[in-house]
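>>> Whatever this is, show me its structure:
(chains A and B)
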Number of protein chains: 2
Amino acid sequence: MRRSPEFDLIAAIRERLGDPADSGVDVRIGIGDDAAVTVAADGSARAVTVDALVDGVGFRRAWCPPRAIGHKAAAAALSDLAAMGAEPTELYAWLGVPDDLDRDATLELCDGLAEVGARAGAALLGGDLTASGVLAVSVTAIGRAAAGERLVGRAGARVGDAVCVTGTLGAAAAGLVLLEHPELAASVPGAEADGARGRQLRPEPRTAAGRALAAAGAGAMIDVSDGLGGDAEHLAAASGVGIEIELDRVPLGAGVAAVAAAAGRDPVELAAAGGEDYELLCAIPRAHLEAGREAVAASGTALTEIGRVEPGAAVRLRLPGGRSVRAAGHDHLRRP
Amino acid sequence: MRRSPEFDLIAAIRERLGDPADSGVDVRIGIGDDAAVTVAADGSARAVTVDALVDGVGFRRAWCPPRAIGHKAAAAALSDLAAMGAEPTELYAWLGVPDDLDRDATLELCDGLAEVGARAGAALLGGDLTASGVLAVSVTAIGRAAAGERLVGRAGARVGDAVCVTGTLGAAAAGLVLLEHPELAASVPGAEADGARGRQLRPEPRTAAGRALAAAGAGAMIDVSDGLGGDAEHLAAASGVGIEIELDRVPLGAGVAAVAAAAGRDPVELAAAGGEDYELLCAIPRAHLEAGREAVAASGTALTEIGRVEPGAAVRLRLPGGRSVRAAGHDHLRRP
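The predicted model follows:
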């Protein structure tokens, strides 16, 4: 299967590092999932993830105010915890500070980090600052699960499971189109344009939905940060299964159709390849699907079945006409 | 007291974020120490720190091979845990990967991270990679202390305490001089030049000494990463005390005198202002000093008394002739 250079590199690092079993910590999930999971003697689990944004990759300072940079960096890390079903407790941040980021902008960036953290229940407890030629923000998010609570990795999808997504996809990509091409906004209703830009600039992690899905019995979960196709590939590869997704079942975010029309793009392509929606993609046994739907609805969003887990190893995105395409994910090592 | 912009900014962030007490975690030490400390219901404590290196700040790719970059980044983060007296358990790393860092170099960098982690008992369990215009490595290190074990912050120095340092200072700064000015190496004995360069490229965190000092009753501790003067200032400010250091009592690392002579520099200045030695500076009540010395000796290095905690708020570095100078620390926000 085609793999991004980033995916290959992480696999090579994991292989090279070998088994961490002799480090004195009980590691349940190591490198290569949304977060690493360790288990304490009392059975409680801790999930730790690191996610980062760099100017030009993940945001552009030209259109992303400092508070939104902090917001998005924290949301990206918290989204990894959401994809495990963990309860966030703490954030730690490293800022690479260029000469032209002044004191006020740096403080606003920290405000953005702390605000998103606080909404998810996580305190910003520490970090570090270093001079850097490029503005970069790396966020470490720590979450927990009590003894007996499930945390969900990428590897538990089984043939026959329903493949579902929370919320809607595509609005973050539509927002990016508007931020990169502001002249298109004139052709898009104001509320839809605002909504799409907000989704790109200030995504919210699906913390409650992730915990609800873990409790309801989801078998595997990943956040949609790289794009539906690419993230489905990660889930399929970790689980050793194939996945088929019917793209016409994917719920489109507000503004996606209007922005796609204005930009001459396909709305389904924005939803399937755009990434950065920070929704959750999960595989859930059919016996738990209704419970999952109800739990996600109680958390304030919807769970939509968009495909199924199949034998094999291929991820197929089936287009409305019956054609299917191979998944193509976002590569974090590719510059925009 | 004069403060670096970085120090000021961290203080402003801490003030702005306010009290994290309502986050559901029991925070014993928050922003502004070497590591944040949270305490679990069973009384065990967890210390978390983030430290980072950026090309041009902390290393230069021109003289720092990839494995040494990983080594130094992990050592810097583990040194923060050593300064708390914590037992390292895990590392997580974010790499900002420029176009010209190839796959093999990236894997070697990870080898360096993992090797230093393994020696300190910490497994590299996760991380993230992002394309970046500049090579950057941010490392999150997590450590623990069992219920009843002490972790030591910066704020516990008391008037009358002895001020002590582990090992020797200045060799990392001497190594930097040789790496930046390789033509000077001809005037320095080969073994001393190798030792100094090794101290700059491959520092080792004082994990065992830090745990020994915490157990022996050190009141406050910090790692010497910014320079003796600057780090003494951080410790004094956090504790609300003054510190006087007699520079002629500071143990000089191997090669410091020879490199200083070759470069026309003052060896004491290399030891006092250079930083990056990753030794531990502590304030310890005189009643515990002998126990501290013995415990550090058992860990494989020496503890040397170099000054005392005094009333007031000033950090004075007393020169051999009797003159004293105000401390001047390294600023991580200043480019080299």
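>>> Could you report the pLDDT at the residue of the stretch 151-300 of chain A found nearest chain B?
Residue nearest to chain B within the stretch 151-300 of chain A: residue A:225 (10.6 Å; C-beta to the nearest C-beta). Every residue, glycine included, has its C-beta placed from N, CA and C. Residue A:225 carries a pLDDT value of 93.
>>> now it, nearest residue through space, not along the chain?
With sequence-adjacent residues excluded and distances taken as C-beta to C-beta, 6 or more residues apart in numbering or on different chains, residue A:225 is closest to residue A:275, at 5.7 Å.
>>> What of residue A:101?
residue A:135 (5.9 Å).
>>> which secondary structure element contains residue A:77?
Assessed by DSSP states H and E, residue A:77 sits inside helix A:66-82.
>>> tell me which residues of that helix are tucked away?
A:66-82 (16 or more other C-beta atoms under 10 Å in any protein chain shown).
>>> Domain-wise, how is chain A divided?
Using automatic domain parsing, the domains assigned to chain A come out as A:5-145, A:162-326.
>>> and the last one, how far out from the chain's middle?
When you say that, I think you mean domain A:162-326. 10 Å (C-alpha atoms, centre = their mean, to the nearest Å).
>>> quick one: the strands in the stretch 51-200 of chain A?
Ranges of strands in the stretch 51-200 of chain A, per DSSP state E, counting those that start in this stretch, are A:58-59, A:87-97, A:123-131, A:136-145, A:162-166.
>>> pLDDT below threshold where in the stretch 151-300 of chain A?
Nowhere does the stretch 151-300 of chain A drop to pLDDT under 70.
>>> which parts of it sit against chain B?
Within reach of chain B by C-beta under 8 Å from any C-beta of the partner chain, the stretch 151-300 of chain A has no residues at all.
>>> In the stretch 101-250 of chain A, which residue sits nearest chain B?
residue A:123 (3.4 Å).
>>> For residue A:50, see how far away that residue is.
Note on residue A:123: its distance to residue A:50, by C-beta to C-beta, to the nearest Å, is 17 Å.
>>> Equivalent analysis for residue A:295, please.
For residue A:295, the distance to residue A:50 - C-beta to C-beta - is 28 Å.
>>> Pick out whichever of those two has more residues nearby.
Using other C-beta atoms under 10 Å in any protein chain shown as the criterion, residue A:295 and residue A:50 rank with residue A:50 on top: 26 against 21.
>>> ok, now which ones touch that one?
A:77, A:138-141, B:92-94, B:126-128, B:138, B:140 (C-beta atoms under 8 Å, 6 or more residues apart in numbering or on different chains).
>>> Among those, which one lies nearest to residue A:323?
Closest approach to residue A:323 among those (C-beta to C-beta): residue B:128, at 34.3 Å.
>>> wait, isn't that closest one in contact with residue B:94?
Yes: contact criterion C-beta atoms under 8 Å: residue B:128 and residue B:94 qualify, at 4.9 Å.
>>> Next, show the common contact partners of the two.
Joint contacts of residue B:128 and residue B:94 (C-beta under 8 Å, 6+ apart) are A:50-52, A:138.
>>> Mind putting these into TSV with distance to residue B:101 and pLDDT?
As requested, the shared contacts of residue B:128 and residue B:94 are arranged in TSV below (distance: C-beta to C-beta, whole Å; pLDDT from 0 to 100):
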residue	distance to residue B:101	pLDDT
A:50	18	96
A:51	20	94
A:52	15	94
A:138	17	96
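>>> What subset of those residues is buried?
Buried, going by 16+ other C-beta under 10 Å: A:50-52, A:138, out of the shared contacts of residue B:128 and residue B:94.
>>> Residue A:318 against residue A:250, yeah?
No: using C-beta under 8 Å, residue A:318 is not in contact with residue A:250; the gap is 10.7 Å.
>>> out of these two, which sits in the busier spot?
Neighbour count, other C-beta under 10 Å: between residue A:318 and residue A:250, residue A:250 has more, with 20 against 16.
>>> Would you mind measuring from the more buried one to residue A:271?
From residue A:250 across to residue A:271, the span is 5 Å (C-beta to C-beta).
>>> what helix or strand is the nearest residue to residue A:32 once chain neighbours are set aside on?
Leaving aside its sequence neighbours, residue A:32 sits nearest to residue A:14 (C-beta to C-beta, 6+ apart; 5.2 Å). For residue A:14, the host element (DSSP H and E) is helix A:5-17.
>>> chain center to that helix, what's the gap?
For helix A:5-17 - counting by C-alpha atoms, centre = their mean - the centre lies 20 Å from the chain centre.
>>> Are the helix or strand just after it and chain B in contact anywhere?
Downstream of helix A:5-17, the first helix or strand assigned by DSSP H and E is strand A:26-29. Yes: Strand A:26-29 reaches chain B (C-beta under 8 Å from any C-beta) through residue A:27.
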